[in-house]
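*Asks:* Got a sequence here, can you build the structure:
(one chain, ligands or ions: 1)
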Amino acid sequence: MLITSLGHAGLRVETPELRLLMDPWLATTGAFQGAWHQFPSNAHLDTPELLDCDWVTVSHEHLDHMDLSVLSRLPERTRVLIPRYPSKVFLRRLRDAGIANVIEVSAWQRFPLNTAGDWLTFIPEQSPMCHDAGVLVCAGGASLLHCNDARLSVAQGRRATVEAGGRLDVMAVQMSGASWHPICYEYPREVAERLETEKRVGKFKAVTRLLRGVAPLLAVPFAGPPCFLDPVVRHHNPTSRSPGIFPDLEQAAGWLAERLPGVPSTYWLPGDTYELPSGRCVREPRWQDFSFADTEAYLDRYAAERRPALEAVYAAHPDPGDDLGERFAEHFARLGELSTYFLERIAMTVRFEVEGPGGGCWDVQLGPERARVSLHGGDGAAQYRFRVASRWLDPVIAGRVGWEDLLLSLRFSAWRSPDLYNDYLVGLLKHADADALEAVACYESSRDSGETVVVEGPDGSRYEVGRYCPHAGEDLTHGAVVQDGVLRCLGHNFDFDLSSGQCLNARCDPLQVKSEVAQSTLSSQISRQ
Ligand code: FES
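*Replies:* Numbers count the residues shown, from 1 in each chain. As a prediction, the model looks like this:
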């Protein structure tokens, strides 16, 4: 198996009988309304030879993975494989863009790629709240687990190893998250820095724990960070340095080398190749003098190169007309019909301060039963506020891009009180689809709350708690740390008070806390699990 890095989460996998592209992102307009760009540039790889392939996998809808400018240029014979998610939104989006040969593949289904025995399977995240999936490829006698942005559990990683025949040759993992929190929020600097540090370290620790449990033969951090070339968002580039939330590949690989010496790791730049089983890595010569530690001059040149593409992005986002408010109200009236389960859990007023032509101050009261929109907002209290320019909001309201695409563009600012993450608000916006929301409601309502585990803090305190996190089902046997009476689930860093079970930093059902366990009862409790 020959693996070529395409930059970001893009890989090309070749054997004598297989040519497969995985999440190729090559658009010179970047992604997310021109805010994100490949770092470093992978433009030199965009050749007809690269696109000449049999299969392409696309893991999810984020535009740094689903690059329509690539998918629309594929040879006619090439088929596009996507995971089967609870809704058809992803499939529809591809078909609406004219991508014809799309095949949905169910979770863990072995999909044959040729008659030589090569196959792949998709591994979606456990909770349907996030439509993210890893891809396991077994080809040419070697195996690759391409995790994309999916937060796979240790159990999923171990099952992938078993499916691959007991040996996972390469595991590519995301260590630089894709998030607008806290960098788009109006926090005092010291609060933002504390939250950024928590996020960076939390992500690193979660990946370390996953790799330790799965033990692949080689770990490769990938799928980020992006860089920001538009002057309006360019101030986000320094967030690659500590304590920022977009650590670069050098820092990620350095962390792994230090904390996980038993699992060999490396990182690849666009055009580097890695051959299995020999382990021979050939570096792309153009990166000989490139270093993530000193990128200012590189980013200046890169931004100058991309200026025409960025001008095209702005041209494609003209100022909207005066009817934006009316269309905004219709949009939220539709969202308000999709799921009472979500509305009950949002139950707040969200204010949109929309700047520029067609804008205004608009309040959306979401829940508990329906959505009410006031286009004369700003008088009453709001618990959440977004400030965004009308040109970036318009394509969301028109249905051309998703809410998450706008949020990931970082072209907005936000404020909230209380300062709690509301997964249901983000879930409603990003899915905007009844089937997807219903799948979350079913998943969350059908969880078995009977099983418990005992978790232990560094001071020796022990608690019997529900085994699975009430957020997205992380197994707390391996996925939790306890400190000062608070359990942190490492799935998404939600904190739970161990005296009440209440979630302290997000809108989430409480953790089931049965009791604080005395030392003398510990051995008998563990033996019953
Ligand atoms: S699974 Fe998300 S915080 Fe626990």
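
*Asks:* so His331 sits in a strand?
*Replies:* No - looking at His331 with DSSP: H, G, I helix; E, B strand; the rest coil, it is helix, so not inside a strand.

*Asks:* residues contacting the residue lying closest to it once chain neighbours are set aside?
*Replies:* Spatial nearest neighbour of His331, excluding adjacent residues (C-beta to C-beta, 6 or more residues apart in numbering): Ile397 at 5.0 Å. The C-beta positions use only the backbone N, C-alpha and C, and glycine is treated the same way. Contacts for Ile397 (C-beta atoms under 8 Å, 6 or more residues apart in numbering) come out as Leu324, Arg327, Phe328, His331.

*Asks:* From the ligand, how far off is the first one?
*Replies:* In this structure, Leu324 lies at 35 Å from the ligand, with C-beta to the nearest ligand atom, to the nearest Å as the measure.

*Asks:* What is the neighbour count of the residue nearest to that residue when sequence neighbours are not counted?
*Replies:* Sequence neighbours aside, Gly358 is the residue nearest to Leu324 in space, at 3.6 Å (criterion: C-beta to C-beta, 6+ apart). Using other C-beta atoms under 10 Å, the number of residues around Gly358 comes to 20.

*Asks:* any idea which element Arg200 lies in?
*Replies:* In this assignment (DSSP states H and E), Arg200 forms part of helix 189-214.

*Asks:* The residue nearest to Asp54 when sequence neighbours are not counted: what secondary structure?
*Replies:* Taking C-beta to C-beta, 6+ apart, and ignoring the residues beside it in sequence, Asp54 has Arg19 as its nearest neighbour in space, at 5.1 Å. Here Arg19 is recorded as strand under three-state DSSP.

*Asks:* In the stretch 151-300 of the chain, where is pLDDT below threshold?
*Replies:* 240 (pLDDT under 70).

*Asks:* who touches the residue of it found nearest the ligand in this structure?
*Replies:* The stretch 151-300 of the chain approaches the ligand most closely through Arg151 (8.0 Å), counting by C-beta to the nearest ligand atom. By C-beta under 8 Å, 6+ apart, the contact set of Arg151 is Glu125, Cys130, Asp132, Ala206, Gly491, His492.

*Asks:* Which ones among those residues also lie next to the ligand?
*Replies:* Of the residues in these, proximity to the ligand by C-beta under 6 Å from any ligand atom holds for Gly491, His492.

*Asks:* Take the contacts of Arg151 and lay them out in CSV including secondary structure, distance to Ile183 and neighbour count.
*Replies:* Below are these laid out as CSV (DSSP: H, G, I helix; E, B strand; the rest coil; distance: C-beta to C-beta, whole Å; neighbours: other C-beta atoms under 10 Å):
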residue, secondary structure, distance to Ile183, neighbour count
Glu125, coil, 23, 24
Cys130, coil, 20, 22
Asp132, coil, 21, 24
Ala206, helix, 19, 21
Gly491, coil, 21, 23
His492, coil, 17, 21
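
*Asks:* any chance of the contacts of Arg151 in a markdown table, with distance to Met348 too?
*Replies:* Below are those laid out as a markdown table (distance: C-beta to C-beta, whole Å):
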| residue | distance to Met348 |
| --- | --- |
| Glu125 | 26 |
| Cys130 | 22 |
| Asp132 | 26 |
| Ala206 | 29 |
| Gly491 | 24 |
| His492 | 20 |
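
*Asks:* Pick the one among the contacts of Arg151 closest to His44.
*Replies:* Ranking those by separation from His44, with C-beta to C-beta as the measure, puts Asp132 on top at 28.6 Å.

*Asks:* For the stretch 51-200 of the chain, which segments count as helices?
*Replies:* Assigned by DSSP state H, counting those that start in this stretch, the stretch 51-200 of the chain shows helices spanning 68-71, 89-96, 154-163, 189-214.

*Asks:* Would you tell me which one of the contacts of Arg151 comes nearest to Asn101?
*Replies:* Closest to Asn101, out of all of the contacts of Arg151 and judged by C-beta to C-beta, is Asp132, at 22.7 Å.

*Asks:* Quick check: chain neighbours aside, which residue is closest to the closest one?
*Replies:* Nearest non-adjacent residue to Asp132 (C-beta to C-beta, 6+ apart): Ala150, at 4.0 Å.

*Asks:* so the one you found touches Ala133, yeah?
*Replies:* Yes - at 5.4 Å, Ala150 and Ala133 qualify as touching, with contact defined as C-beta atoms under 8 Å.

*Asks:* anything in contact with each of these two?
*Replies:* What both Ala150 and Ala133 touch, as defined by C-beta under 8 Å, 6+ apart, is the set Ser59, Ile123, Pro124, Glu125.

*Asks:* Of those residues, which is the most crowded?
*Replies:* Greatest neighbour count in the shared contacts of Ala150 and Ala133, by other C-beta under 10 Å, goes to Ser59: 28 neighbours.

*Asks:* didn't that residue look like it was pressed against Cys130?
*Replies:* No - taking contacts as C-beta under 8 Å, Ser59 lies outside contact range of Cys130: 11.3 Å.

*Asks:* what pLDDT does Leu310 get?
*Replies:* Here the pLDDT value assigned to Leu310 is 98.

*Asks:* OK, contacts around it?
*Replies:* Thr29, Gly34, Leu229, Asp230.

*Asks:* got the end-to-end distance for stretch 382-398?
*Replies:* Stretch 382-398 has its terminal residues 25 Å apart, counting by C-alpha to C-alpha, to the nearest Å.

*Asks:* And Asp475, how close does it get to His8?
*Replies:* Using C-beta to C-beta, to the nearest Å, one gets 29 Å for the distance from Asp475 to His8.

*Asks:* Comparing the two, which shows the higher neighbour count?
*Replies:* Shown here are Asp475 and His8; by other C-beta under 10 Å, His8 has more neighbours (26 against 18).

*Asks:* That one contacts Leu249, correct?
*Replies:* No - look at His8 against Leu249 with C-beta under 8 Å: they stay out of range, at 10.4 Å.

*Asks:* tell me, what's touching these two both at once?
*Replies:* By the contact definition C-beta under 8 Å, 6+ apart, His8 and Leu249 are jointly contacted by Phe222.

*Asks:* on that earlier part again, residues of the helix holding Arg200 that come out buried?
*Replies:* Using 16 or more other C-beta atoms under 10 Å as the test for burial, helix 189-214 gives 192, 195-196, 198-200, 202-211, 214.

*Asks:* Could you list the domains of the chain?
*Replies:* For the chain, automatic domain parsing gives the domain ranges 2-305, 324-442, 449-528.

*Asks:* ok, of those domains, where does mean pLDDT dip lowest?
*Replies:* Among the domains of the chain, domain 449-528 scores lowest, at a mean of 81.

*Asks:* For it, what is the distance to the chain centroid?
*Replies:* 25 Å (C-alpha atoms, centre = their mean, to the nearest Å).

*Asks:* Over to stretch 133-148?
*Replies:* Put simply, stretch 133-148 sits 18 Å off its chain's centre (C-alpha atoms, centre = their mean).

*Asks:* Give me the buried stretch members for that stretch, please.
*Replies:* 133-140, 142-148.
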